[in-house]
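Asker: Just the structure for this:
(chains A, B, C and D)
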Protein chains: 2
Amino acid sequence: MSAFGDFVREVREALRRGEPRYSVRQVAARIGIQPSYLSKVERGDVGPPSENTIVRLAEDLGEDPDVMLALAGKVSSDLLEAIRKRPRLFADLIRHLRDMPDRAVLRVVREVRDGEW
Amino acid sequence: MSAFGDFVREVREALRRGEPRYSVRQVAARIGIQPSYLSKVERGDVGPPSENTIVRLAEDLGEDPDVMLALAGKVSSDLLEAIRKRPRLFADLIRHLRDMPDRAVLRVVREVRDGEW
DNA sequence: TAGAGTGTGTAGTATATAGTATACGCTCAG
DNA sequence: CTGAGCGTATACTATATACTACACACTCTA
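Answerer: Here you go, the predicted model:
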């Protein structure tokens, strides 16, 4: 029952069906960890790896780092830094938006991106 | 050179000038930690306390918990949870807004709060 | 001048985090 | 029938986090 481990295993196994370079051993070697550790992570035998390791893993598997961090119960440190720099502003923003449907948040993102501010 | 410790010490000492209930010992007693620990925290002798302890301290001192958490290099876990639930959405939003001036973020907050969504 | 209260020094602890190192048994191609 | 590659079991480790417990020296007051 490890959301993170299950996800990694499924993605990696799927890639592996096509290319043998996605074995536990080879992925582990590329991202710089021990194969036994990756194996344990996938089976939920240990907690999820550190942020850096998760990001390297996400890159290797071609997945979204933010999603994988979320599955690991973490949030990217660059987002944390942005919040910490203006805590009142961002805390307010997030607490207002957390109860809104996706489309509302998306609309805000688009307005910010496209609009003249 | 501990932003968190210095802040706590200054706020507490200021309150203490008026009321003696803001001594290290009494504050520590109210929030449920050892006075020696609070003393060390204030002088940056140890790292900042846990989130729970910071929140209790903020309440006792009448300060904003989000600001105090930020000074401690942390972000409130309810915000983290909101981001983790929709990582792509919120990661996008924050990365777009982090380079905007305060007024732009504020405008978004107000629009979300007041507008019909 | 006793005693209540103050800040702080020292020593120790439990738990979590994030892994490494090595070896084992299995499979499958040549 | 071997050896290259596979996933995994076992044992260990270094560092950080978040404190507690107790004692000490000082001050201020009744």
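Asker: Mind telling me which residue is nearest the centre of chain A?
Answerer: With distances taken as C-alpha atoms, centre = their mean, residue A:68 lies nearest the centre of chain A, 2.3 Å away.
Asker: what's the longest helix seen in chain A in contact with?
Answerer: The longest helix of chain A (DSSP state H) is helix A:3-18. Residues from elsewhere that reach helix A:3-18, judged by C-beta atoms under 8 Å, 6 or more residues apart in numbering or on different chains: A:22-24, A:27, A:38, A:41-44, A:48, A:57, A:61-63, A:68, A:71-73. Just so you know, the C-beta spots here come from the backbone N, C-alpha and C atoms, and that holds for glycine as well.
Asker: Low-confidence regions, chain A specifically.
Answerer: Applying pLDDT under 70 to chain A picks out residues A:115-117.
Asker: tell me the helices in chain A, going along the chain?
Answerer: Counting by DSSP H, the helices of chain A are A:3-18, A:24-31, A:35-42, A:51-61, A:65-71, A:77-85, A:87-97, A:102-114.
Asker: Ok, which of those comes nearest residue B:109?
Answerer: helix A:87-97 (5.1 Å; C-beta to C-beta).
Asker: Report the angle between that closest one and helix B:87-97.
Answerer: Here helix A:87-97 points in a direction 140 degrees away from that of helix B:87-97 (axes from the mean of the first three to the mean of the last three C-alpha atoms, to 10 degrees).
Asker: Return the members of the contacts of helix A:3-18 classed as buried.
Answerer: A:22-24, A:27, A:38, A:41-42, A:48, A:57, A:61, A:63, A:68, A:71-72 (16 or more other C-beta atoms under 10 Å in any protein chain shown).
Asker: near DNA strand D, from those residues?
Answerer: Restricting those to those touching DNA strand D (C-beta under 7 Å from any atom of the strand) yields A:23, A:24, A:38, A:42.
Asker: Distance of the third one relative to chain B?
Answerer: Translated: residue A:38. The gap separating residue A:38 from chain B is 22 Å, by C-beta to the nearest C-beta, to the nearest Å.
Asker: What of the first one?
Answerer: Using C-beta to the nearest C-beta, one gets 28 Å for the distance from residue A:23 to chain B.
Asker: who's in contact with the closest residue to residue A:25 other than its chain neighbours?
Answerer: Nearest non-adjacent residue to residue A:25, counting by C-beta to C-beta, 6 or more residues apart in numbering or on different chains: residue A:35, 4.4 Å away. Going by C-beta under 8 Å, 6+ apart, residue A:35 touches A:24, A:25, A:28, A:29.
Asker: Is it possible to get JSON lines of those residues that adds distance to residue B:109?
Answerer: Listed next are the contacts of residue A:35 as JSON lines, based on distance: C-beta to C-beta, whole Å:
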{"residue": "A:24", "distance to residue B:109": "46"}
{"residue": "A:25", "distance to residue B:109": "49"}
{"residue": "A:28", "distance to residue B:109": "44"}
{"residue": "A:29", "distance to residue B:109": "47"}
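Asker: Show the buried residues in those.
Answerer: Looking at the contacts of residue A:35 with 16+ other C-beta under 10 Å, the buried ones turn out to be A:24, A:28.
Asker: any idea which of the contacts of residue A:35 is closest to chain B?
Answerer: residue A:28 (24.6 Å; C-beta to the nearest C-beta).
Asker: Which phi and psi values does the residue of chain A found nearest DNA strand C adopt?
Answerer: Going by C-beta to the nearest atom of the strand, DNA strand C is nearest to residue A:50 of chain A, at 3.0 Å. Here is the backbone geometry of residue A:50 (degrees, to the nearest 10): phi -70, psi 170.
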